[in-house]
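1. my questions concern the predicted model and sequence given below.
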Amino acid sequence: MRRAERLTAVYDRLFNAFGTQHWWPGETPFEVMAGAILTQSTNWKNVEKAILNLKGAGVFDPDTMLAVPSARLALLIKSSGYFNQKTKKLKNYLEFFKDKYNASVQKMKMEATATLREQLLGVKGIGKETADSILLYALEKPVFVVDAYTSRVLSRHNIISEDATYDELQELFMDNLPHDVKLFNEFHALFVKVGKGFCKKNPECDRCPLKGI
DNA sequence: GACCAGGCACATC
DNA sequence: GATGTGCATGGT
């Protein structure tokens, strides 16, 4: 089967099994941006607590967050783990967001995708997955987000090599699927869904919707 | 009480 | 370029 057909088959099976995932689980683009950093190597539940804390403290907007002393910010996001590192990362990002785009999502969206990605990757603490998550889920740019689940699920089902790189995986999707924001949004979310569930451990793959694909 | 979670930067070879 | 390590909480 051709690459494109194979990927479409994967998508169809996942979508038929799990349906719409309603991602990203954040209310605003800014919440997606902050969440993308906070969820690095961290369970989303722990991130939700951190975001609730930030909202509860009344500091969940770019200007206020930048002004909050790092020690206090770290305490507020404690539940998300790596809190000292993430405090720096958040502030680095917020400085960039404010300096370059006046903390305006609308202004940011007007910039070319390739330029945005370069700029995001230039922010210390923003790597490929975080940059792409912000591009797709906050700015609605057609960029495929790769993560540990994408690689795990696809390699487990012998669709890609176990040691395929981020770039290789991203190209696989970008070269073989229409650059559609809705499709990329749903597809990534479905990988997380199946990765957390049936594909987590080999034995459970018996009931995996991707079995035998 | 291990083990892992929607990464990333940095050091070292 | 590949490989190893620190960062840290909370759920299973």
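-> Great, that's in hand.
2. does stretch A:178-186 come close to DNA strand B?
-> No - using CB under 7 Å from any atom of the strand, stretch A:178-186 stays clear of DNA strand B, coming no nearer than 10.5 Å. No exception for glycine: its C-beta is placed from N, CA and C like everyone else's.
3. now do the buried residues in that stretch.
-> A:183-186 (16 or more other CB atoms under 10 Å).
4. same check, this time on stretch A:45-58
-> For stretch A:45-58, using 16+ other CB under 10 Å, the buried residues are A:47-51, A:53-54.
5. any chance of JSON lines for those residues, columns pLDDT and secondary structure?
-> What follows is the buried residues of stretch A:45-58, written out as JSON lines (pLDDT from 0 to 100; DSSP: H, G, I helix; E, B strand; the rest coil):
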{"residue": "A:V47", "pLDDT": "98", "secondary structure": "helix"}
{"residue": "A:E48", "pLDDT": "97", "secondary structure": "helix"}
{"residue": "A:K49", "pLDDT": "98", "secondary structure": "helix"}
{"residue": "A:A50", "pLDDT": "98", "secondary structure": "helix"}
{"residue": "A:I51", "pLDDT": "98", "secondary structure": "helix"}
{"residue": "A:N53", "pLDDT": "98", "secondary structure": "helix"}
{"residue": "A:L54", "pLDDT": "98", "secondary structure": "helix"}
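6. out of these, who's nearest A:M65?
-> A:L54 (7.3 Å; CB to CB).
7. quick check: that closest one touching A:L75?
-> No - A:L54 sits out of contact with A:L75 when judged by CB atoms under 8 Å, with a separation of 10.7 Å.
8. what about A:L52, helix or strand, and which?
-> Per DSSP states H and E: A:L52 is located in helix A:44-56.
9. over to A:M33?
-> Under the criterion of DSSP H and E, A:M33 resides in helix A:29-38.
10. what does chain A put close to DNA strand B?
-> A:23-25, A:35-36, A:39-44, A:46, A:81-82, A:85, A:123-131, A:133, A:137, A:147-149, A:192, A:195-196, A:200.
11. if we check DNA strand C, which of the residues you listed are in contact?
-> Within the residues of chain A next to DNA strand B, those near DNA strand C by CB under 7 Å from any atom of the strand are A:41-43, A:46, A:81-82, A:85.
12. quick one: which two of those residues are the most distant?
-> Farthest pair in these, by CB to CB: A:N43 and A:Q85, 16.4 Å.
13. now the helix or strand of chain A with the lowest mean pLDDT: buried residues?
-> Ranking every helix and strand in chain A by mean pLDDT, DSSP states H and E puts helix A:148-156 at the bottom, with a mean of 93. Residues of helix A:148-156 classed as buried: A:149-154, A:156 (neighbour count, 16+ other CB under 10 Å).
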